[in-house]
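# With the sequence up front, the predicted model follows.
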Amino acid sequence: MNKVIALLIVFLISVLFLIEIKKNETINYIEKNIIMSQKPYHFLTKAQQFFDKAILCDNQKLRRKYLLISKGFLNTFDDNNIKSTIKIIDEILNTNLIDKEKINKFNNLINQTGISIYRKHLNNTDKLNELKNILNQNALYLEFVILCLILLLIIITFLYLNYQKIKDIYHLDSLTLAFNRNKFYEVINLLPKGKHSLIMLDIDHFKKINDTYGHDFGDMILQKTVEIIQDNIRKDDMVFRWGGEEFIILLKKTSKEDALKVAKKLKKAINRYDFEGIQITSSFGIKECKDTVTKDDLIIVDKALYEAKKKRNEIVCY
C-alpha cells in the first residue's frame, strides 16, 4: 500500500510540474501575441517617418528612396485607407510633385488607419489578457486540487502507518513482544490449505523460578526464550505467547517430522543458554495439522505438551 501511495504522489507531483510548464508556455505565447498585435502600428509609424523624411528632403534620389521605404511598410497592410496612401506615394513618385493637399490627405489616412489599428490592438490585448487570466485561474484550480490530493494521500499514509502500529501493539504480547492469541486466531483463519504443524512449549518449573528469583528474573527468562525461538525458526514461522510460560510456534507448510527436528533444536538451544547463572529446561508438544489449524488441533497439542511435562523435559509428537 505504501508503495502504491508513493507512486501516486510522484505521479501527481509530475502532473503538477507539467501543468506549470504548459501554463507558462501558453502565457508566453499569449504575451508574444500581445506584442505582435503592436507590430502593425509600429510599421505604420515607420511609414509615416519615412514619408516625412521624403517631404523634407531636397535630393530627388534620396526622396525617392524614402518614399519607396514608406511604401514598403504600407504594403504590409490590407486596408482601403492604406491603398489610398500608397496611391498618393505612387503619384509623387511618377510626378516628383508634392503639395500640401497630398501631404494632408496622406497624414489624415495614416491617422485614421492608426486609430483603427490602435483600437484593434487594445481589443486584442484585452481579449488575450482575459484569456491569460482564465488560464491562470484554471491552472491554479487544478494545482490546488492536486495539492489537496497529495496532502490527502500523505494523511492517509500517516494514518495507515499509525493504524499498523496500533494493530501491531494490539497483536503483540507487551512483555516478550511475541504475538498474542488475538494474532494467532487471525493468522490461522488466513492460512492457505496445506500441511502445517504446531509446537507448544512450556518452561519447566517456572513457578519455582519466579518464587526463588523474583518476577523480574522470570520476565527476563520469558523474553530470552522468545529471542531463542525466533533465532531458530524460519522468517515465515511465528511464535505466540499462549499464556504464562507457554508458547505456541506455528510452522507453515511443515510436517510433524520436520517439526520434531525444530523442537529438538529449540530444546537444545534453551538448555544450553545461560540465564544469568542458571539453566532451564523445557517441554514440547507437537501436532501436525491437515489443511488448516482447528480447535481440535489446539486441544491435541495441549494434550501432547501435558504428557511431555509429565515425563519431564520431553517432546511428545502427535
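Yep, it's here.

# where along the stretch 201-318 of the chain do the helices fall?
Along the stretch 201-318 of the chain, counting by DSSP state H, counting those that start in this stretch, helices occupy 206-213, 215-231, 256-272, 295-311.

# mind giving me a markdown table with these and columns for mean neighbour count, mean pLDDT and distance to residue 68?
Every residue, glycine included, has its C-beta placed from N, CA and C. Shown next, in a markdown table, are those (neighbours: other C-beta atoms under 10 Å; pLDDT from 0 to 100; distance: least, C-beta to C-beta, whole Å):
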| stretch | mean neighbour count | mean pLDDT | distance to residue 68 |
| --- | --- | --- | --- |
| helix 206-213 | 14 | 93 | 115 |
| helix 215-231 | 16 | 96 | 97 |
| helix 256-272 | 16 | 95 | 104 |
| helix 295-311 | 17 | 94 | 108 |
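
# Sticking with residue 150, tell me its helix or strand.
Taking DSSP states H and E as the definition, residue 150 sits inside helix 100-171.

# how far does that helix sit from the chain's center?
Taking C-alpha atoms, centre = their mean, to the nearest Å, one finds helix 100-171 lying 25 Å from the centre of the chain it belongs to.

# Return the list of helices and strands in contact with it.
helix 2-36, helix 39-56, helix 80-95, helix 181-190 (3 or more C-beta pairs under 8 Å, 6 or more residues apart in numbering; DSSP states H and E).

# if we can go back for a sec, among the helices of the stretch 201-318 of the chain, which is nearest residue 171?
Residue 171 sits nearest to helix 215-231 of all the helices of the stretch 201-318 of the chain, at 14.5 Å, using C-beta to C-beta.

# now the closest one against helix 206-213, angle please.
Orientation check (axes from the mean of the first three to the mean of the last three C-alpha atoms, to 10 degrees): helix 215-231 against helix 206-213 gives 130 degrees.

# how about the CA coordinates for helix 215-231, as PDB?
Output of helix 215-231 as PDB, limited to C-alpha atoms (Å, rounded to 0.1, in the frame of the first residue of the first chain):
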ATOM      1  CA  HIS A 215       9.200 -11.900  38.900                       C
ATOM      2  CA  ASP A 216      11.700  -9.600  37.100                       C
ATOM      3  CA  PHE A 217      14.100 -12.600  36.700                       C
ATOM      4  CA  GLY A 218      11.100 -14.700  35.400                       C
ATOM      5  CA  ASP A 219      10.200 -11.900  32.900                       C
ATOM      6  CA  MET A 220      13.800 -12.000  31.700                       C
ATOM      7  CA  ILE A 221      13.600 -15.700  31.100                       C
ATOM      8  CA  LEU A 222      10.400 -15.300  29.100                       C
ATOM      9  CA  GLN A 223      12.000 -12.600  26.900                       C
ATOM     10  CA  LYS A 224      15.200 -14.500  26.300                       C
ATOM     11  CA  THR A 225      13.200 -17.700  25.500                       C
ATOM     12  CA  VAL A 226      11.300 -15.800  22.700                       C
ATOM     13  CA  GLU A 227      14.600 -14.500  21.400                       C
ATOM     14  CA  ILE A 228      16.000 -18.000  21.300                       C
ATOM     15  CA  ILE A 229      12.900 -19.300  19.500                       C
ATOM     16  CA  GLN A 230      12.900 -16.500  16.900                       C
ATOM     17  CA  ASP A 231      16.600 -17.200  16.200                       C
END
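
# residues in contact with it?
175-178, 201, 203, 206, 209-210, 239, 241, 245, 247, 249, 266, 269-270, 273, 275-276, 280, 282 (C-beta atoms under 8 Å, 6 or more residues apart in numbering).

# before we move on, what about stretch 9-22?
Contacts for stretch 9-22 (C-beta under 8 Å, 6+ apart): 139, 142, 143, 146, 147, 149, 150, 153, 154.

# ChimeraX command for the buried members of the residues you listed?
Selection of buried members from the contacts of stretch 9-22 for ChimeraX, criterion 16 or more other C-beta atoms under 10 Å:
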select :139,146,150,153
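
# would you list the contacts of stretch 9-22 in a markdown table and tack on pLDDT and distance to residue 78?
Output for these, formatted as a markdown table (pLDDT from 0 to 100; distance: C-beta to C-beta, whole Å):
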| residue | pLDDT | distance to residue 78 |
| --- | --- | --- |
| 139 | 80 | 36 |
| 142 | 82 | 40 |
| 143 | 82 | 42 |
| 146 | 84 | 46 |
| 147 | 86 | 49 |
| 149 | 86 | 51 |
| 150 | 84 | 52 |
| 153 | 83 | 56 |
| 154 | 83 | 58 |
